[in-house]
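Colleague: What would the 3D arrangement of this be:
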Amino acid sequence: MMNLSHPNLSAIIKRIYNDSIKPLLLKYSVYLKAALVMFLFVTPAVVITLLLTGHFEVIKWMLYAFSLMAMILFVFVVVKFGDKKKREIEISKIKSTLLDKVKAKLANVMNLLAAMETDIGDCLIQMEEELRKKMPSNNVLIVSGNGEKKEYDKIVFTPLIMDFGLKDSGKTNLIYKVRWKPIVAQVEDLCTGIRDYYLYRDKYIDGYAELLFQIVPFMGVNTKNYYSEKDNITGKSISVSLVQLLDKNFGEFKYDTSPQMRRKKIDAVNWRQFNGDIESIGSHYFLGIKVYPPLGFDPWPEDDVEREKVCYLYQYCIDHNIPITAHCSPGGFLVKNDYKDLSSPYRWEKALDYIDQNGEKPFTKLRLNLAHFGGSDAPDWRRKIADMILERDSENGRYKYENFYTDISYQGVESRAYTDLAKFINKYDAEQRERLIERIIFGSDFMINLQDISSYSSYLQYFVNTDAFTLEEKDMFCNKNAERFLFVG
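Modeller: Numbering: from 1, shown residues only. The predicted model follows:
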């Protein structure tokens, strides 16, 4: 949940231009220049030379060749499209198909922009309004499968804050520069939006006394944008340290000795009393941490200082049972092409398998979710994540990463996504398949998924209606696995 002021759009557009459009223009400009030289100078020079030297036969055969190619093209068009009426119909179909695709994509983009322009609290209220019309019955959400159904009385949203800080993004020739994107503004906007949902929802939704949503966000962290306590000795003038950030928002988590205790404290937070100031936020307002490699977060940096910071983050999360969700697909808000590989599961494997000076692997218990299951356009990443879920320790035979998960956010923008997922999982034997089913979490990637689908309810409906998985498996995805990962059930 964010508004248009939060993403660093200028940095993203700059990256797209530098990495995609500019190389394409440079590549094809060579051909265009060559064609222009050929048309203006080479072809006339050849024809004039042939005329002056009396090579009329060569010119004649050149004309024959051009005429033959034109005739072949004409015959192809006639055979392909038949009579005039059929040609007009076919051309009309092509135009219509192209226009429909463009219109649909434009409509999705406009829908996304409308959601991002809408006040966050109102957007949440509109989401519940639409879901009430489309999905729930008798104040519950029904998910069915294999002739049975399960009823859920609420949906838990975990909005994932992304740290768009990019402290060096002001390096540009533009007069007006985006020097930074302070995460404070995004945190306050989101928390205010959550408060407003709880405060004003009843004014817009009649007939349903119980709220459909419970909203518990994840804090966005990019260790590059914070200094460690050790760095503070050097006198760096930066507002907050990584230690301070974690202690302020998650310090009390160390007293949660069970998932039930964590859940009780999360449920007890009174969002209606949030005063709009980030300083009033304490423990249990946030449920976990979001890291986003396409914006520069490196899961396993080469630099020693950065390595110390991520090690501190991981150990803190293990000690306090804090879940981390990490973007894991080649796409997203990629601001530098160099950052693409930072999202790779292979990069995370280096962190999880790190051996410390005592010969121990301290981070194998990290409560980690690699989002998007590697992405639909990166099958090797998906296989790698599955391999990591299934990998066993060579010494004790137990699963190597006991708190390792993945989610299918953004994957379900069309119904066949679940059929494809089932085909992928069904390639494994029964024991492996069961393990995978226990480690996959339903996710939406709202509001970014509006690029390819019209609404949250449409996205949810594909999941609810799919027969690619049994009701018990769907319950694992959207309920049991999520609770286990979040340390609340």
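
Colleague: count of residues packed around residue 155?
Modeller: Applying other C-beta atoms under 10 Å, we find 19 residues neighbouring residue 155. (Each C-beta comes from the backbone N, C-alpha and C, glycine too.)

Colleague: got the contact list for it?
Modeller: Counting by C-beta atoms under 8 Å, 6 or more residues apart in numbering, residue 155 makes contact with 131, 141, 212, 213, 214.

Colleague: again, but for residue 266
Modeller: The contact partners of residue 266, by C-beta under 8 Å, 6+ apart, come to 216, 284, 287, 488.

Colleague: That one is in what secondary structure piece?
Modeller: Here residue 266, judged by DSSP states H and E, is contained in helix 259-268.

Colleague: For that helix, output the C-alpha coordinates as CSV.
Modeller: Provided in CSV are the C-alpha atoms of helix 259-268 (Å, rounded to 0.1, in the frame of the first residue of the first chain):
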residue,chain,number,x,y,z
PRO,A,259,3.3,-17.9,18.6
GLN,A,260,0.1,-17.5,20.7
MET,A,261,1.7,-14.8,22.8
ARG,A,262,3.0,-12.9,19.7
ARG,A,263,-0.5,-13.1,18.2
LYS,A,264,-2.2,-11.8,21.3
LYS,A,265,0.1,-8.8,21.4
ILE,A,266,-0.3,-8.1,17.7
ASP,A,267,-4.1,-8.2,18.1
ALA,A,268,-3.9,-5.8,21.1
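
Colleague: Please identify the buried residues of it?
Modeller: Neighbour-count burial for helix 259-268 flags 262, 263, 265, 266 (criterion: 16 or more other C-beta atoms under 10 Å).

Colleague: Can you find the helix or strand in the chain with the smallest mean pLDDT?
Modeller: Lowest by mean pLDDT, DSSP states H and E among the helices and strands of the chain is helix 229-232, with a mean of 59.

Colleague: mind saving the C-alpha coords of whatever helix or strand comes next after that helix as PDB?
Modeller: Heading C-terminal from helix 229-232, the first helix or strand you meet, by DSSP H and E, is helix 242-250. This file holds the C-alpha atoms of helix 242-250, laid out as PDB (Å, rounded to 0.1, in the frame of the first residue of the first chain):
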ATOM      1  CA  LEU A 242      20.300  -0.200  12.400                       C
ATOM      2  CA  VAL A 243      20.400  -1.200  16.100                       C
ATOM      3  CA  GLN A 244      18.100   1.600  17.100                       C
ATOM      4  CA  LEU A 245      15.600   0.900  14.300                       C
ATOM      5  CA  LEU A 246      15.300  -2.800  15.200                       C
ATOM      6  CA  ASP A 247      15.100  -2.200  19.000                       C
ATOM      7  CA  LYS A 248      12.400   0.500  18.500                       C
ATOM      8  CA  ASN A 249      10.100  -1.600  16.300                       C
ATOM      9  CA  PHE A 250      10.900  -5.200  17.400                       C
END
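
Colleague: From the contact counts, what lies against helix 242-250?
Modeller: When contacts are defined as 3 or more C-beta pairs under 8 Å, 6 or more residues apart in numbering; DSSP states H and E, helix 242-250 packs onto strand 218-220, helix 304-320.

Colleague: Would you map the helices across the stretch 1-150 of the chain?
Modeller: 9-16, 22-37, 43-52, 56-81, 84-117, 120-134 (DSSP state H, counting those that start in this stretch).

Colleague: Could you say which of those is packed most deeply?
Modeller: With neighbours taken as mean count of other C-beta atoms under 10 Å, the helices of the stretch 1-150 of the chain reach their highest mean count in helix 120-134, at a mean of 18.

Colleague: re earlier: can you list the helices and strands packed on helix 242-250 in TSV and add mean neighbour count, distance to residue 254 and mean pLDDT?
Modeller: Listed next are the helices and strands packed on helix 242-250 as TSV, based on neighbours: other C-beta atoms under 10 Å; distance: least, C-beta to C-beta, whole Å; pLDDT from 0 to 100:
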stretch	mean neighbour count	distance to residue 254	mean pLDDT
strand 218-220	23	16	96
helix 304-320	18	5	94
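
Colleague: could the ones you listed be laid out in a markdown table, adding distance to residue 31?
Modeller: Converted to a markdown table, the helices and strands packed on helix 242-250 look like this (distance: least, C-beta to C-beta, whole Å):
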| stretch | distance to residue 31 |
| --- | --- |
| strand 218-220 | 44 |
| helix 304-320 | 43 |
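
Colleague: for these, which one sits closest to residue 477?
Modeller: Closest approach to residue 477 among the helices and strands packed on helix 242-250 (C-beta to C-beta): strand 218-220, 18.8 Å.

Colleague: Check the offset of that closest one from the chain's centre.
Modeller: Computed by C-alpha atoms, centre = their mean, to the nearest Å, the chain-centroid distance of strand 218-220 equals 14 Å.

Colleague: now what about it, what contacts it?
Modeller: With C-beta under 8 Å, 6+ apart, strand 218-220 has contacts from 158-163, 183, 186-187, 245, 249-250, 286-292, 323, 325.

Colleague: Can you pick out the ones from these that are in helices?
Modeller: 183, 186, 187, 245, 249, 250 (DSSP state H).

Colleague: Take the contacts of residue 155 and lay them out in a markdown table including pLDDT.
Modeller: Shown next, in a markdown table, are the contacts of residue 155 (pLDDT from 0 to 100):
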| residue | pLDDT |
| --- | --- |
| 131 | 92 |
| 141 | 86 |
| 212 | 93 |
| 213 | 95 |
| 214 | 96 |
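
Colleague: hmm, what's the outermost residue in this protein?
Modeller: Largest separation from the mean C-alpha position in the chain: residue 54, at 67.3 Å (C-alpha atoms, centre = their mean).

Colleague: mind checking pLDDT for residue 201?
Modeller: The model reports residue 201 with a pLDDT of 95.

Colleague: Quick check: the gap between the residue lying closest to it once chain neighbours are set aside and residue 119.
Modeller: Once flanking residues are discounted, residue 201 sits nearest to residue 125: 5.3 Å by C-beta to C-beta, 6 or more residues apart in numbering. According to C-beta to C-beta, to the nearest Å, residue 125 and residue 119 sit 9 Å apart.

Colleague: now do residue 366
Modeller: To residue 119, residue 366 is 36 Å away according to C-beta to C-beta.

Colleague: Name the residue in those two with the higher neighbour count.
Modeller: Just comparing residue 366 and residue 119: by other C-beta under 10 Å the higher neighbour count belongs to residue 366, 21 against 14.

Colleague: Tell me which helix or strand residue 406 sits in.
Modeller: Element membership of residue 406 [criterion: DSSP H and E] is strand 404-407.

Colleague: as a whole number, average confidence for that strand?
Modeller: 98.

Colleague: gap between it and the chain center?
Modeller: Put simply, strand 404-407 sits 14 Å off its chain's centre (C-alpha atoms, centre = their mean).
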